[in-house]
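Undergrad: need a structure here:
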Amino acid sequence: MSAPHPIDAAELVRIVAGRGHDRRSVTAVAGAPGSGKSTLAESLALRLNADDPGSAAVFPMDGYHYDNMILNARGWLARKGAPHTFDVRGFARMLARLKENTEEEVAVPVFDRAIETARNSARIIPQTVSHLIVEGNYLLLDAPLWADLFPLYDTSVFLDVPEDELRARLAERWKDLPPEDKAWKLDGNDLPNALTVIRDSRAAEFTLRWP
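TA: Have a look, this model is predicted:
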């Protein structure tokens, strides 16, 4: 794959808007925890819908976290958010179903950060959506199972954020936790996951600094 092309958000909107006329277009927004994937994906959908109402929707990967009961039983709860704590096969099947776009509507799960649990069938994606924006940490991870996702993307963008800035953003995310819990969230889980994303992801078509 050739080196990714740096772009800004406005250029990304123009590129994505130009794709998906004949069939549904899938745009993958990947990056480390704290890089701004969710914000960018929602902003991208908002801008596309402003020009063409109902044309864009967001499908977050986080809806495919294993439930805490499963993570706890397997001894993985402390590492929730690492690649092995996702149902990647289920996510891949749903993404393929969405890309095929033969159904009137599809209900997808959405992760609720307030309760740290995925809510099943929490978002409806209708067949009229031309631009599906998929966002998640590991969408470009060059590893077994995750690599099966690559052929489903029409456009891919990686959020390029320096490690020190990621640390600052993640520290802000967990600022209300007790000091020991905050330290684990940062150095025991989120930052190792971030380094996995940065080091082990395939090159995207585009890179973007957000915000």
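
Undergrad: tell me what the longest helix seen in the chain is packed against?
TA: When the chain is parsed with DSSP state H, its longest helix is helix 37-51. Applying 3 or more CB pairs under 8 Å, 6 or more residues apart in numbering; DSSP states H and E, we find helix 37-51 packed against helix 9-17, strand 25-30, strand 56-60, strand 131-136. Bear in mind the C-beta positions are built from the backbone N, C-alpha and C, glycine included.

Undergrad: how many other residues sit next to residue 44?
TA: Each residue near residue 44 was counted by other CB atoms under 10 Å, and the total is 23.

Undergrad: what sits against residue 157?
TA: Contacts for residue 157 (CB atoms under 8 Å, 6 or more residues apart in numbering) come out as 7, 12, 27-30, 204-208.

Undergrad: ranking the residues you listed by neighbours, who comes first?
TA: Counting by other CB under 10 Å, residue 29 has the largest number of neighbours within the contacts of residue 157, with 32 neighbours.

Undergrad: pLDDT value on the closest residue in space to residue 87 that isn't next to it in sequence, please?
TA: Distances taken as CB to CB, 6 or more residues apart in numbering place residue 64 nearest to residue 87, at 4.7 Å, with adjacent residues excluded. Listed pLDDT for residue 64 reads 97.

Undergrad: what's the answer for the one 10 residues further on, then?
TA: Looking at residue 74, its pLDDT is 97.

Undergrad: list the contacts of the nearest residue to it once chain neighbours are set aside.
TA: Distances taken as CB to CB, 6+ apart put residue 66 closest to residue 74, at 8.0 Å, once the chain neighbours are dropped. Each residue near residue 66 by CB under 8 Å, 6+ apart is listed here: 74, 76, 85-87.

Undergrad: quick one, longest strand in the chain?
TA: strand 117-126 (DSSP state E).

Undergrad: picking up where we left off before, got the buried residues for the longest helix of the chain?
TA: 37-38, 40-45, 47-48 (16 or more other CB atoms under 10 Å).

Undergrad: the helices and strands packed on helix 37-51: which one's closest to residue 155?
TA: Closest to residue 155 of those, according to CB to CB: strand 25-30, at 4.3 Å.

Undergrad: could the C-alpha coordinates of the longest helix of the chain be exported in PDB?
TA: Taking C-alpha atoms only, helix 37-51 is exported to PDB below (Å, rounded to 0.1, in the frame of the first residue of the first chain):
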ATOM      1  CA  LYS A  37     -12.500   8.900  16.300                       C
ATOM      2  CA  SER A  38     -16.100   9.100  17.600                       C
ATOM      3  CA  THR A  39     -16.100  12.900  17.300                       C
ATOM      4  CA  LEU A  40     -14.800  12.800  13.800                       C
ATOM      5  CA  ALA A  41     -17.200  10.100  12.700                       C
ATOM      6  CA  GLU A  42     -20.200  12.000  14.100                       C
ATOM      7  CA  SER A  43     -18.900  15.300  12.600                       C
ATOM      8  CA  LEU A  44     -18.400  13.700   9.200                       C
ATOM      9  CA  ALA A  45     -21.900  12.200   9.200                       C
ATOM     10  CA  LEU A  46     -23.300  15.500  10.300                       C
ATOM     11  CA  ARG A  47     -21.700  17.400   7.400                       C
ATOM     12  CA  LEU A  48     -22.700  14.800   4.900                       C
ATOM     13  CA  ASN A  49     -26.300  14.900   6.100                       C
ATOM     14  CA  ALA A  50     -26.300  18.700   6.000                       C
ATOM     15  CA  ASP A  51     -25.700  18.500   2.200                       C
END
